[in-house]
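Enquirer: Need a 3D model of the sequence below.
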Amino acid sequence: MKEINNSEFNQFVKDIKSKIYTAKSKAIASANRLMIELYFDIGKSIVEKQEALGWGKSVVEQMSKDLINEFGEKSGYSSSNLWRMRNFYLSYKDNEKLAQAVREISWGQNILIFEKLKDDRQKEYYIKNTIENGWNRNVLMHHIKTNLFKRDKIETKTNNFEVVLPMELSELALDIIKSEYNLEFMEVAKNAHERQVENKLVENIKKFLLELGYGFSFIDSQYKLILGENEYYIDLLFFHRKLNALVAIELKVGKFKPEYAGKMNFYLNVLNDKVKMPHENPSIGIILCTDKDGLEVEYALQSVVQPMGVSTYTVKEQLPEELSNILPTKKELEEKLNINESEK
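Expert: Numbers count the residues shown, from 1 in each chain. I've put the predicted structure just below:
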């Protein structure tokens, strides 16, 4: 018997494991599609029977009892879930495109979308991004609560991408930038210094990456650029995988000023000359301010040759120290409420 080559054997086992994981993933996806199709069909049957025979709410309650008796308590056929199936069918019965797409996401994700959103455009947006970006239920909930659709698709984005980038890069760059970023996971004072905001972002880098969107990888804060004898520092530097480009972010507390565009243009010039790899696309800049005037931004970007966008951001403000020492803490309030409940 030929002696086994450990390297070849380990690679062989690795390949087999990969095939098993792939088969399991396909099996789970297939099972999910079948379950969603079943729930859609159950919802359709309930609606049709109610319309044809005038059945009321009590029928669904009895139906739930019979199904649970047959398939068990954890089978997913509670009366509330059956009503969701009914509403699920009503949500998509007139939109074949979405009715097909919803089969690619989980039931829990579907519930979030059809219960919290009424507009088909918004539903399509969140379904598509859930599939493409692999959002779990919590990530999807976060993006719905912070109204990502509005910030990404409805509100005006101010940038010069169409002028300075090739069309295919311009469209992709436009897709990764938002009109406004929700940074309410940070608690900072209204008059906080820019470095304080930056430090908070770095402390909460996972949440910030979630808000930035799919494809961003964090490189460093206060990234140093050397030009001759001078040193310059970019607030936050990222790399975007789809764009294949460096993304520099500058944080500004207060309203946008035209000189910010000139400074970012300078940083991008240095990045492209000193840091960008030959196979990478031109670096992109994002200036984040707490406020901006669209017309002022438009004029400021007219003479800029490097691609950049200007967006606003919101934060959750801390209470001033003089008030925070007076008002009760969250824990104190909870303890007080518990005492009141026990006295009832």
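Enquirer: pLDDT below threshold where in the stretch 101-250 of the chain?
Expert: Along the stretch 101-250 of the chain, the parts satisfying pLDDT under 70 run over 187-192.
Enquirer: just the strands in it please.
Expert: Listed in chain order, the strands of the stretch 101-250 of the chain (DSSP state E, counting those that start in this stretch) span residues 158-159, 180-188, 216-227, 230-240, 245-255.
Enquirer: nearest to W135, of the ones you listed?
Expert: Taking C-beta to C-beta, strand 216-227 is the member of the strands of the stretch 101-250 of the chain nearest to W135, at 14.6 Å. C-betas here are computed from N, CA, C, even on glycine.
Enquirer: Am I right that I287 sits in a helix?
Expert: No - counting by DSSP: H, G, I helix; E, B strand; the rest coil, I287 falls outside a helix, being strand.
Enquirer: Now do the contacts for it.
Expert: Taking C-beta atoms under 8 Å, 6 or more residues apart in numbering, we find I287 in contact with I249, E250, K252, F256, Y260, A261, M264, M308, G309, V310, S311.
Enquirer: and which of those is nearest to S91?
Expert: S311 (32.2 Å).
Enquirer: domains of this structure?
Expert: Here the domain assignment for the chain is 6-146, 152-322, based on automatic domain parsing.
Enquirer: Point out the most buried one among these.
Expert: Across these, averaging neighbours per residue (mean count of other C-beta atoms under 10 Å) puts domain 152-322 on top, at a mean of 17.
Enquirer: Run the chain-centre distance for that domain.
Expert: Distance, stretch centre to chain centre, for domain 152-322: 17 Å (C-alpha atoms, centre = their mean, to the nearest Å).
Enquirer: what does stretch 115-128 give?
Expert: The chain centre lies 14 Å from the centre of stretch 115-128; the measure is C-alpha atoms, centre = their mean.
Enquirer: cool, and stretch 15-25?
Expert: On C-alpha atoms, centre = their mean, the centre of stretch 15-25 falls 28 Å from that of its chain.
Enquirer: do the same with stretch 146-161
Expert: 13 Å.
Enquirer: hmm, back to that, E171: which of the strands of the stretch 101-250 of the chain is closest?
Expert: Closest approach to E171 among those (C-beta to C-beta): strand 158-159, 11.9 Å.
Enquirer: any residues touching that closest one, and which ones?
Expert: Contact with strand 158-159 is made by 173-174, 177, 179, 292, 294, 297-298, 301, 307-311, as judged by C-beta under 8 Å, 6+ apart.
Enquirer: hmm, back to that, pick out whichever of the contacts of I287 sits closest to A52.
Expert: Nearest to A52 among the contacts of I287, counting by C-beta to C-beta, is S311 at 52.6 Å.
Enquirer: Just grab the bridge partners of the closest one for me.
Expert: Counting by DSSP bridges, S311 forms beta bridges with L288.
Enquirer: Start at 17, not 1
Expert: Right, with 17 as the first residue, what we last looked at is S327.
Enquirer: ok, now how distant is it from A261?
Expert: Distance of S327 to A261, given as C-beta to C-beta, to the nearest Å: 17 Å.
Enquirer: max-length helix in this structure?
Expert: Taking DSSP state H as the criterion, the chain has its longest helix at helix 22-69.
Enquirer: and the helix or strand just after that one, how far out from the chain's middle?
Expert: Along the chain past helix 22-69, the next helix or strand (assigned with DSSP states H and E) turns out to be helix 73-87. Centroid separation for helix 73-87 versus its chain: 37 Å, with C-alpha atoms, centre = their mean.
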